[in-house]
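Visitor: okay, sequence plus prediction incoming.
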Amino acid sequence: MAYAPAEELRGEFITTSREGFRIALDVSVYSLIAVSRAAVPLMDRCGSIMTLSFYAAEKVVPNYNVMAVAKAGLESTVRYLAANLGSATFASTPSPPAPSRPLPPAASAHWAICSSPTPSAPRSTAMWTSWKLVARPCSCSNLSSAITGEILYVDCGYNIMGF
């Protein structure tokens, strides 16, 4: 889950309100801790806890504002959960996909992502075809059992391209 009030995704980052900041971090970061705590008893010696992040956790993306701070917090939370749960073979792996069409509902409020018809095309090394591409490397199989606490970029090369 991820959310920030729409007004926090407009204008300059410095205008972020305390309440908007609290809401964004509570919904977008703390929810992973709460869901993980509830999921652990249901997992029998094997399982994966995964979440989606975005390039803006590391780089400035105009108008992403407080959501970028939340994604950075989410990535740090993944590392701490992996440290706590790693012996139980959990793979906590954010997978930032390149922006693409159609956008998932949560991305529709992020104007920086929506500003062009195919925003990832000029910045990717490969053609982006489907959100299913994100799921493949994050599948809950033994193939990913040695991955824990990592940021796995599943973005067709978006994160390696310069401007």
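Guide: Thanks, I have the structure now. Numbers count the residues shown, from 1 in each chain.

Visitor: which strands or helices does the longest helix along the chain pack on?
Guide: Secondary structure of the chain per DSSP state H: the longest helix is helix 65-85. Helices and strands touching helix 65-85, as assessed by 3 or more Cβ pairs under 8 Å, 6 or more residues apart in numbering; DSSP states H and E, comprise helix 18-25, helix 31-39, strand 90-92. For the C-beta atoms, the positions are set from N, CA and C on the backbone; glycine is no exception.

Visitor: which one of the ones you listed is the most hemmed in?
Guide: strand 90-92 (a mean of 25; mean count of other Cβ atoms under 10 Å).

Visitor: related to what we said a few turns ago, contacts for the longest helix of the chain?
Guide: Applying Cβ atoms under 8 Å, 6 or more residues apart in numbering, the contact partners of helix 65-85 are 2, 4, 8-11, 13, 16, 20-21, 24-25, 28-29, 32-33, 36, 40, 49, 51, 53-54, 56-58, 60-61, 90, 92-94, 110, 148-149, 151.

Visitor: still on that earlier bit, same list, the helices and strands packed on helix 65-85, but as a markdown table with distance to Met161 please.
Guide: Converted to a markdown table, those look like this (distance: least, Cβ to Cβ, whole Å):
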| stretch | distance to Met161 |
| --- | --- |
| helix 18-25 | 27 |
| helix 31-39 | 28 |
| strand 90-92 | 26 |
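
Visitor: can you redo these as JSON lines with mean pLDDT and distance to Glu75?
Guide: Formatted as JSON lines, these follow (pLDDT from 0 to 100; distance: least, Cβ to Cβ, whole Å):
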{"stretch": "helix 18-25", "mean pLDDT": "98", "distance to Glu75": "13"}
{"stretch": "helix 31-39", "mean pLDDT": "93", "distance to Glu75": "10"}
{"stretch": "strand 90-92", "mean pLDDT": "50", "distance to Glu75": "10"}
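
Visitor: fine by me, we can end here.
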